[in-house]
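Visitor: Below are the sequence and a predicted model for it; my questions follow.
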Amino acid sequence: AGVLEADRAVPGIQIAVESHPDLILMDVHMPGMDGITAARLLRENPMTRQIPIVMITASILDEDRGRAEAVGCDAYLVKPLDPDTFGEQLARCIGMRPL
């Protein structure tokens, strides 16, 4: 199916429900609904709760990391990303949940 993209949380959630991707990458800070709220909604929905969610963000705040973990995000990666380990980190997340 390739890469599916949304520039805001609400259409991203809709894409996830309709397409059931292998992995969701999202930022903590987005216009409109923030990534933490979007992740919580994805976890509450039986159709999307098993999809791994990776937060990719510039936020190094422990509060944001803790909120991401509390709603069930599988990883919290801080920009700039290390290209040497990024693929491994994503592969680990995909392998964490039954698909």
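Guide: Sure, I can see it. Residues are numbered from 1 along each chain as shown.
Visitor: now D84: how far from T57?
Guide: Distance, D84 to T57, by C-beta to C-beta, to the nearest Å: 19 Å. Backbone N, C-alpha and C define where each C-beta goes, glycine included.
Visitor: Please read the previous query as pertaining to D74.
Guide: D74 sits 14 Å away from T57, going by C-beta to C-beta.
Visitor: And D82, by the same measure?
Guide: 15 Å.
Visitor: And these two? Which one has more around it.
Guide: T57 (19 against 10; other C-beta atoms under 10 Å).
Visitor: distance of that one from V3?
Guide: 19 Å.
Visitor: now D84
Guide: 21 Å.
Visitor: do M55 as well
Guide: Taking C-beta to C-beta, one finds M55 at 17 Å from V3.
Visitor: And the two? Which one has more around it.
Guide: Neighbours were counted for M55 and for V3 using other C-beta under 10 Å; M55 has more, 25 against 6.
Visitor: For that one, identify the helix or strand it belongs to.
Guide: Per DSSP states H and E, M55 falls inside strand 53-57.
Visitor: got the contact list for that strand?
Guide: Contacts to strand 53-57, defined as C-beta atoms under 8 Å, 6 or more residues apart in numbering, come from residues 23-29, 35, 39, 42-43, 64, 68, 72-79, 81, 89-90, 93.
Visitor: Many thanks, we can stop here.
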